[in-house]
Every structure is written in structure tokens, then in C-alpha cells.
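Asks: Next input, structure requested:
(chains A, B, C and D)
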2 protein chains.
Amino acid sequence: MTEVGGRARRATVADVARRAGVAKATAARALGGYGAVSEDVRERVVAAAEELGYRPNELARSMGTGRSRTIGVVVGDIENDYFALAVRGISDTAASAGYDVVLVNTSEDVEAERKGVRLLLDKQVDGLIVSPASSADVDHLREVEQDERPLVLLDRRVPGLDAPSVDVDIATATRAATDLLLDRGHRRITYLTALDDPGGPWGRSTPLVSSSVADRLSGIVAALDARGVPVGPALVRFGARGDEAVRAAAEEVLRGRDAPTAVVASDGRIALGLLQALADLGVKVPRDLSLVMVDDFPWTRVVDPPLTAVRQPTYEVGAAAADTLVRLLSGAAPPRRAPLVAQLVVRSSVGAPRRRRAVL
Amino acid sequence: MTEVGGRARRATVADVARRAGVAKATAARALGGYGAVSEDVRERVVAAAEELGYRPNELARSMGTGRSRTIGVVVGDIENDYFALAVRGISDTAASAGYDVVLVNTSEDVEAERKGVRLLLDKQVDGLIVSPASSADVDHLREVEQDERPLVLLDRRVPGLDAPSVDVDIATATRAATDLLLDRGHRRITYLTALDDPGGPWGRSTPLVSSSVADRLSGIVAALDARGVPVGPALVRFGARGDEAVRAAAEEVLRGRDAPTAVVASDGRIALGLLQALADLGVKVPRDLSLVMVDDFPWTRVVDPPLTAVRQPTYEVGAAAADTLVRLLSGAAPPRRAPLVAQLVVRSSVGAPRRRRAVL
DNA sequence: TTGTAGGCGTTATCAT
DNA sequence: ATGATAACGCCTACAA
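Replies: Predicted coordinates for the structure are as follows:
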């Protein structure tokens, strides 16, 4: 450590060079391990660096090279186990490739996402991994491409944007889940999503701003169609974002005369909120209502009842996304990957439909 | 966007200046909103910047100012809901103060922590928030202070390091939890922690490398002492890190003739692993074993049975840590904060002790 | 009010 | 093999 006038200042290459009695460039070469340096000088420089506690300033290095060895990650909600797990996959993979991660949480707000992406770009991250809050509002993602920085999409695809994404075949699993429900005799099923209500009743042609929701739904609809079960607007309930909204949705959906006998929760947060609401309302699963959740987390099998769930390889999704980005960064083509598979894990939350037509 | 020879290059202040027909410094002033600029020129510069799609290079800016408006966060395990929640508190608070967050996950490994802290320092983060894996091995944390970068400790204190930390009075709550167990008649209690086994049987004077564990234990021991219940080595079981280890610990602990009738899980990960292991072993809570968990997450109340838990304000801890750091960064003294309070939430996982002396 | 010039700490190019 | 010097893009005296 060098103290100059009371204020600590980190030693720089110039300091090291001076102390070793060589030119800046020589010291830089010795320290950076590039170019050619005589063994004698190398040792002197390294010793000097050691004595001064020299550490390279990565910011300055990035300025020169134009590479920051940092990747930006923009997710909707780090409190959601899905993203927490994916972020760990990203972190681990990035770290072992020598990158670190700047994390931005958007609370699924497009405006926050826009600002986050801009900021990350301004900070010169080498590339980005984003789970876009909306596939409709993506100009800021195009900017990433215009900046020639690699972008990888997480969990959600965006039509018209040729950024690679790690695909998980979730539809096959939600179809299997729906088949299970149908086998048990359910005919009135509701799919609960946090997505904002697009306005107007849902129909097959209703455009969805999230491919992951669209995928889940397509599997469900396919199963229904295959059995000739009518698909109506009651199939989808939007706006289940946050415990309060989930509770409200639950009360509303379950109150009708033709209330569904089974619910598919689009993610773990919704399932959790639902479970709490149902407990408070005295609705018993699966006696009064059957439940399937998309995602499978450690708590899923210890809740009451253990939940039948669609398990997707979330950590691997994160790891694969990071791996794809790292390859892109090193100039390679994005690897062609077979879609990761999701599978239905059957536990105890699905039973026969309730006799009475109203749950509440 | 400016295309130069096929390779996109971001517009710089120089480009903007040239286009606006002014000097670099003038353009910089107009864009940075400092110094004095005539309205006429300001408009021209802003227009030019707009046309060129100019965005400041934050890296270069940081180089000049010596401030990166970035804080580094080093946590043990982002998959643990505790840290996920705390990180959100940190993120939200940091973001609204204009900072963003670089996240490093250490898997509670001191070596990874050391490297992470170094890297962050090299990247010139303005300050750090760290939950140290060990309070014994902290030379890298001293480096932070030598670099005159503010450091705030999360969840764990380190004796001899005068970094502020956000205190939570957890001992009072674990004491209350233990009192509850004693009231119900429990005498043989085991506290399960992920901490590495210090070697040799645990005793009151066994040094612990984690203040959060020490705090939890002190509350438990205080309750035991107050009732004159003997405190022996069986009180603490170390090494419950990861589901496998938790399972092994559970089997080992519960097998003895004098097996405990109640377990206190040091965190949510442990409780989760334990719940799974117990279900597999056919051990019913609270019939065969009573359980208290430290931390209270959304799933805690929907598991079977709903868990009696010590709730600590985790999001607030993260937010307060970030707030403290931001103040420090702006030159203010670290705010003097009253310890945050944790409280016991009584649910259904505590019952009377089992009659037979062996659980398994 | 505006312009000139130098510095931040590195990497990279060019001589020597 | 080594040294001098110029970028990188921004901020900031200081001068005009």
C-alpha cells in the first residue's frame, strides 16, 4: 500500500515500473504476461509489484481492451425461486469462464427493464442475458444488437429478435399434466398466470406477450382439444401477480357456479399464494380443488398436500444461457441445442373433481 | 448509430462535439449538465447527441471520477431464500440511490469469497456488502478497508473488524422458541447448523466462526440455563450443508436412544431438507419430533405441518445494509440503528415430546 | 461562455 | 528485449 498525503492510493503500473527501474511498458508486459520479457526483469517487476501490493485496475483495463469481462443479467423477480435458481446457474457458469455478473431486477416492469438494459450497456457489459417482461415492447433489446453486444434470452422468446434462447419443451409437460386432470375426470380447468390482463375475454387467438405463458397454454389447449373438451374464456385467468392478486383471483374464480375443479398455477409464486389463500378459505386440496404447479422447487414436495408439478431444469437453463453467451463472446456460433425437457412429477394434489358445482 | 467501416462504434463526446460544431469540453458540459453552457449551444449539442444516439461510457466516466456507482455484494448462497430476499432489499435500495449491484456467490467457500472480494475491488466497486463465510479468515476484508472502500457486513459480524453491520436481535427470538419447547415438556433438543464441524464435542466455550449461529445458540442456551436443563454436546449438530448432509445428520441424530425430541433448524434450507428426510423416514412432525425453524418464508406456513418459525425482517436487513453503505459512500457517518427485531411465529410443528426414547 | 490541454491506468504500436 | 508514446472516453483545471 502506498500512502500519499494521507489518502491511500493504489499502486499503478507506473509505480511498479519506477520501483523496478524499468519503463511502464515493460512492467505492463511482465505483469500482463504478454509480449517478451527477460526472466531477470520479470522477477524484478513481480517483486516490486508484490511489495507495493499492486493490483490491476480492471476499469482501466476494460477501457483499453473494450472488454469488461462482465455480463449483465436482467430478470423479472429474483425472489421467484425460478430466477434465483437460474441466476445461480448463470453465475456459476459465468464465473468459471472468468466473467462476473451484474444483476438487475425489474419487478417485471418494462420501464425498469428498459432502464436496466441501457445502464448495463452504458457500463459496457460484454453481453446480456434478459428475461423480457414483454415480448411486445423490445426496442431496448434491439439496441443491444445494434451495439453488437451478444444477447441471450432467458425463459422467454421474442419473435422477430434473432437472439438465441435456451428452449425448454414445457408444452409437452403441461399437456401431460392436463391429460392427468382429464383422466381424473376434470372438465373445468383454469390456468392462472401473473400476466397482465390483455382486456376482453381470452380466446385462442388472444395474443400473449410471454412465450412461456403461450407455451404452457398450448400444451393445455392441445390436451383439451384432443379430448374434445370445449375451450372457453374461463380457461385463463390473468393478473395473478403478488399474493393479494392471487388471493383475489382465487376467490373470484372459485365463487362461480361453474367454478373450475382444477387449477394450473403458472409458476411457484402463484402456487404458493394460492395455497395460502385456499388454506384461509378452508378449501382443501385435492378434495375441493385439484392443483398442478409449473416448476418444482424443494418446498413443492413438503407442502400439504405434496404438489403435482411440472419440473423444468431451471439451473441448467441458466447455465446453458450463460454458456451460450460466453461462446458468443468468444466469437463462436451459438451452439445448436436440443430443447431441454420438462417432466410431470405426480404427487398428491390432483384428485377426482368435486361433486358440488361451487367450491366456495 | 454510427457505422464505421462495417463495425458499429458508439458515438463519443468528440463525435457529438464535432457534429454540433463545438469543442469537446463544451459538449461534455452540455451533456453532463455541469458547468455553464449557453442555451443555444446546449440545444445544438443535445440535438446532435440525439441524432447520433449518444450514450455516455460509464466506464470512462468512472475512470475519471474514481467512482463507479456500483456496489459489490458477496453472499454465501443465493439459492437460500434468506439471501435472495436480502439481495432484493439491497438491489431495490441501491437502485433508488443510483447504484447497481455486482453479485458474487461463494457457496460459503472462503477461498471463493477471497477471490470474489479481490475481483470486485479490482473492478473498482465503490463499496461492498459481504456476508463472510467465516469470521476467522478475513484478511481479504481488511484489504477492503485499506483500500478505503466502505464495507458493510450482512447477517454476520466479525470481531476486530470495525465494519458496520445491520443487527437483528435473533437471540431473544430463539430463546422464546426454546421456552416454547421447554413449556411443552421437551428436554432433549438439538440445534442443527450448516457450519463445519469444529472438531471435538461442542461445549459452551467452543469458538464459532459465525456470529449468526452464535446468536441463535446463545438464545437457546440462555433458555435452557434459566430452567436448569443441562447443556451438553448433543445440543449442537454441525455440518448440515446440503440435502444429503441434512439427511445424514437427521438419521444419525434421531437414531440414538436419547435422541432429541425437538430440533431447531438454523435456516430454511436445513428445515426443508429435514422435512424431506423426515417424510421419507416416516417420522411425523410434531408427533414424533417437534421442529422450529429460524427464518420464515412464504412456504413455511403451507408445509405439512405449518412450521413454528423465527421470523426475521430479511428484506429490511438487506435494505438497511444498502442504505448504510450508500450513506457511507456519500461521506456520512454510518447511521446508528436499533437492532431489528425477530419474532417467534407459533404454528403447528411443536407438540409434546414423544414417549418412546428413540425416534427411529 | 467557450476552448485547450492534461490526467485517470491500462493496453498496444512503434521504434530502438 | 526494452522504451517512448499514443490511444481508450471522459472529466476538469486553466486560459482565452
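Asks: Isn't A:P334 up against A:T324?
Replies: Yes. Between A:P334 and A:T324 a contact is recorded at 5.4 Å, counting by Cβ atoms under 8 Å. Every C-beta, even on glycine, is put in place using the N, C-alpha and C of the backbone.
Asks: These two: who's more crowded?
Replies: Using other Cβ atoms under 10 Å in any protein chain shown as the criterion, A:P334 and A:T324 rank with A:T324 on top: 24 against 16.
Asks: Spit out the contact partners of the more buried one.
Replies: A:V152, A:P164, A:V166, A:P334, A:P335, A:R337 (Cβ atoms under 8 Å, 6 or more residues apart in numbering or on different chains).
Asks: quick check, the first one in a strand?
Replies: I take that to be A:V152. Yes. Assigned with DSSP: H, G, I helix; E, B strand; the rest coil, A:V152 falls within a strand.
Asks: and A:L274, how far is that from DNA strand D?
Replies: Taking Cβ to the nearest atom of the strand, to the nearest Å as the measure, A:L274 and DNA strand D are separated by 49 Å.
Asks: What count of nearby residues applies to that residue?
Replies: 25.
Asks: returning to what we had before: only whichever of the contacts of A:T324 are buried, select them in PyMOL.
Replies: A single PyMOL command selects the buried members of the contacts of A:T324 (16 or more other Cβ atoms under 10 Å in any protein chain shown):
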select buried, chain A and resi 152+164+166+334
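Asks: Give me the distance between the two termini of stretch A:119-135.
Replies: 20 Å (Cα to Cα, to the nearest Å).
Asks: what's the closest non-adjacent residue to A:L254?
Replies: Excluding the flanking residues, the one nearest A:L254 by Cβ to Cβ, 6 or more residues apart in numbering or on different chains is A:V359, at 4.2 Å.
Asks: so the one you found makes contact with A:S290?
Replies: No. Applying Cβ under 8 Å, one finds A:V359 not in contact with A:S290, separated by 10.7 Å.
Asks: who has more neighbours, those two?
Replies: Set A:V359 next to A:S290 and count neighbours by other Cβ under 10 Å: A:S290 wins out with 25 against 20.
Asks: is that one in a bridge, and if so with what?
Replies: A:A262 (DSSP bridges).
Asks: residues touching it, list them.
Replies: Here A:S290 is in contact with A:L181, A:R184, A:H186, A:T261, A:A262, A:V263, A:S349, A:V350, A:G351, A:P353 (Cβ under 8 Å, 6+ apart).
Asks: One more: A:A177?
Replies: A:G219, A:I220, A:V264, A:V292, A:T308, A:V310, A:L344.
Asks: do that again at 7 Å, thanks
Replies: Listed by Cβ atoms under 7 Å, 6 or more residues apart in numbering or on different chains, the contact set of A:A177 reads A:V264, A:V292, A:V310, A:L344.
Asks: low-scoring pLDDT stretches of chain A, where are they?
Replies: A:1-8, A:357 (pLDDT under 70).
Asks: can you put the contacts of A:A177 in a markdown table and add secondary structure, neighbour count and distance to chain B?
Replies: Shown next, in a markdown table, are the contacts of A:A177 (DSSP: H, G, I helix; E, B strand; the rest coil; neighbours: other Cβ atoms under 10 Å in any protein chain shown; distance: Cβ to the nearest Cβ, whole Å):
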| residue | secondary structure | neighbour count | distance to chain B |
| --- | --- | --- | --- |
| A:V264 | strand | 29 | 18 |
| A:V292 | strand | 29 | 16 |
| A:V310 | strand | 23 | 18 |
| A:L344 | strand | 19 | 20 |
